[in-house]
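S.K.: when you get a sec, could you give me coordinates for this:
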Amino acid sequence: MKPLKKTLHLADTRGKADHGWLKAKHTFSFSNYHDPSRIHFGALRVLNDDYIAGGMGFGMHPHDNMEIITIPTSGVVAHKDSFGNYGTITAGEIQVMSAGTGIYHSEFNHKQNEPLTLFQIWLFPNEENVKPRYAQQSFDVAARHNRFQTVVTPADDQQEDALWIYQDAYFSIGNFEAGQDFSYQIKRPGNGLYVFVIEGEVQVAEENLKSRDGLGLENLQEAHFKTTSGVELLLMEVPQ
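M.R.: Model (predicted):
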């Protein structure tokens, strides 16, 4: 097996955008932020960390041939799209959208006087020009205590308690106490793993990661973690 390859993205090296109502941090090149060394990690194309002021948001705009995953961390998202889907998504819920042949959608802060924070993540699909689809699901956050909860799977490995997308990718979220040692097994040989620290501190692959740090790992079968404080982790296992 090839030696482990690491790509470290510290929180304070991310791209930044401040539009007043929107304050965003970009792990990968996005909009006016462009870094040729940070275009994507395998199928993972966008990892945006957004703060949206009350009542504000993104008006109707198009996408195609992209798998889009939205994970609110506080506040309420109001979603509407050109296929008649509409509703709200809160922390503890996750939204997926396969843009496929093309879809228009809007995402707004449903609350007028409270901020909204969320992660928006884009993946290249493994099948283009599919019929657009939308889904959201509520997850039991308590079930993530000192373990990983699988929240997104490939279309050919659909699980009753997870969402699915058109890509050979798995997303997992876990909340771990300090002093924990644990591992993550790669589910599909050849996939890489992008580790993103939502909050807290953790050691993995001889790197000490803190809140909003990201680490891409390639050529591995298993990743070992050790917590130095309480930590919330988002793992994205994606094809390379």
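S.K.: quick one: contacts of the helix or strand where L118 lies?
M.R.: Using DSSP states H and E, L118 sits within strand 116-123. With contact meaning Cβ atoms under 8 Å, 6 or more residues apart in numbering, strand 116-123 is reached by 43-54, 57, 66-77, 109-110, 165, 167, 169, 234, 236, 238. Heads up, the C-betas are built off the backbone N, CA and C, glycines and all.
S.K.: which among those end up buried?
M.R.: 43-54, 57, 66-73, 75-77, 109-110, 165, 167, 169, 234, 236, 238 (16 or more other Cβ atoms under 10 Å).
S.K.: low-confidence ranges, this structure, go.
M.R.: For the chain, no stretch has pLDDT under 70.
S.K.: let's see that with 90 instead.
M.R.: 1-2, 83, 85, 160, 228 (pLDDT under 90).
S.K.: quick one, phi/psi of K23?
M.R.: phi -120, psi 120 (degrees, to the nearest 10).
S.K.: okay, and the beta partners of it?
M.R.: D18, Y51 (DSSP bridges).
S.K.: so the residue nearest the centre of the chain versus N146, what's the distance?
M.R.: The residue lying closest to the centre of the chain (Cα atoms, centre = their mean) is I121, at 4.5 Å. Taking Cβ to Cβ, to the nearest Å as the measure, I121 and N146 are separated by 24 Å.
S.K.: same deal with I39?
M.R.: From I39 to N146 the distance is 35 Å (Cβ to Cβ).
S.K.: the closest residue to G200 other than its chain neighbours: how many residues sit nearby?
M.R.: Distances taken as Cβ to Cβ, 6 or more residues apart in numbering put V231 closest to G200, at 3.1 Å, once the chain neighbours are dropped. V231 has 24 neighbouring residues, counting by other Cβ atoms under 10 Å.
S.K.: show me what V231 is bridged to.
M.R.: Applying DSSP bridges, one finds that V231 bridges with F176, G200.
S.K.: wait, isn't it in contact with E201?
M.R.: Yes - V231 lies in contact with E201 (Cβ atoms under 8 Å); the separation is 6.1 Å.
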